[in-house]
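J.: Curious how this folds, go ahead:
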Amino acid sequence: MKLSTKGRYGVEAMIDLALHCNNEPVSIKSISKRQAISEAYLEQLFAPLRKANLIKSIRGAQGGYVLGKAPKDIFISDILDVLEGPIGVSECIEEEGKCGNSNSCPTRLLWVKIKESIDRVTSAISLQDMIDDYNGIRTNKEK
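T.: Numbering: from 1, shown residues only. Sure thing, here's the model as predicted:
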């Protein structure tokens, strides 16, 4: 199982925005340079994130993007849900009844546990947690 570039780049762009925002708009161009993601692709990612109120766009010469909420209130699951939809592990747990063997399948419980673990982790980690982890790692490397 692998997240698409939408999910991975979306999380990278959101953490970049959280790290560099400081209540000032951040341009797509600057995020693009730091994260090595094309500006056009970032625009595609930011449209649904804006609709979900995870980010806000500021127009004008000094415009750009700011977070729509405090970093502590934006969870990785919020970003992934908007960009990827529910994370799928196996069709048998995503679509009830798709597999006629779901009641007697020996692997179904495994897929359920994996999905629940992924959901638990992504719902527990906020952008603020990532900022704190990043700053802790960076501070430790500087010592």
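J.: which residues sit against stretch 74-84?
T.: Contact with stretch 74-84 is made by 3-4, 6-7, 10-11, 14, 18, 45, 48-49, 51-52, 54, 67-68, 87, 119, 121-127, 130, as judged by CB atoms under 8 Å, 6 or more residues apart in numbering. (C-beta placed from N, C-alpha, C; glycine too.)
J.: Distance from the chain centre to the lowest-mean-pLDDT helix or strand in the chain, please.
T.: Least confident helix or strand of the chain, by mean pLDDT, DSSP states H and E, is helix 91-94 with a mean of 70. Put simply, helix 91-94 sits 22 Å off its chain's centre (CA atoms, centre = their mean, to the nearest Å).
J.: before we move on, what about stretch 11-25?
T.: 12 Å.
J.: With stretch 76-83 instead?
T.: Centre to centre, stretch against its chain (CA atoms, centre = their mean), the figure for stretch 76-83 is 5 Å.
J.: Quick one: mean pLDDT over that stretch.
T.: The pLDDT scores in stretch 76-83 average 96.
J.: Can you dump the C-alpha atoms of that stretch in CSV for me?
T.: Provided in CSV are the C-alpha atoms of stretch 76-83 (Å, rounded to 0.1, in the frame of the first residue of the first chain):
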residue,chain,number,x,y,z
ILE,A,76,-2.8,14.4,9.2
SER,A,77,-6.1,12.5,8.7
ASP,A,78,-7.8,15.9,7.8
ILE,A,79,-5.3,16.4,5.0
LEU,A,80,-5.4,12.9,3.8
ASP,A,81,-9.2,12.6,3.8
VAL,A,82,-9.4,15.7,1.7
LEU,A,83,-6.8,14.7,-0.8
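J.: From the contacts of stretch 74-84, list the buried ones, please.
T.: By neighbour count, with 16 or more other CB atoms under 10 Å, the contacts of stretch 74-84 hold 6-7, 10-11, 14, 18, 45, 49, 54, 67, 87, 119, 122, 126-127, 130 as buried.
J.: what's the burial count for the residue lying closest to residue 4 once chain neighbours are set aside?
T.: Nearest non-adjacent residue to residue 4, counting by CB to CB, 6 or more residues apart in numbering: residue 84, 6.4 Å away. Using other CB atoms under 10 Å as the criterion, residue 84 is surrounded by 15 other residues.
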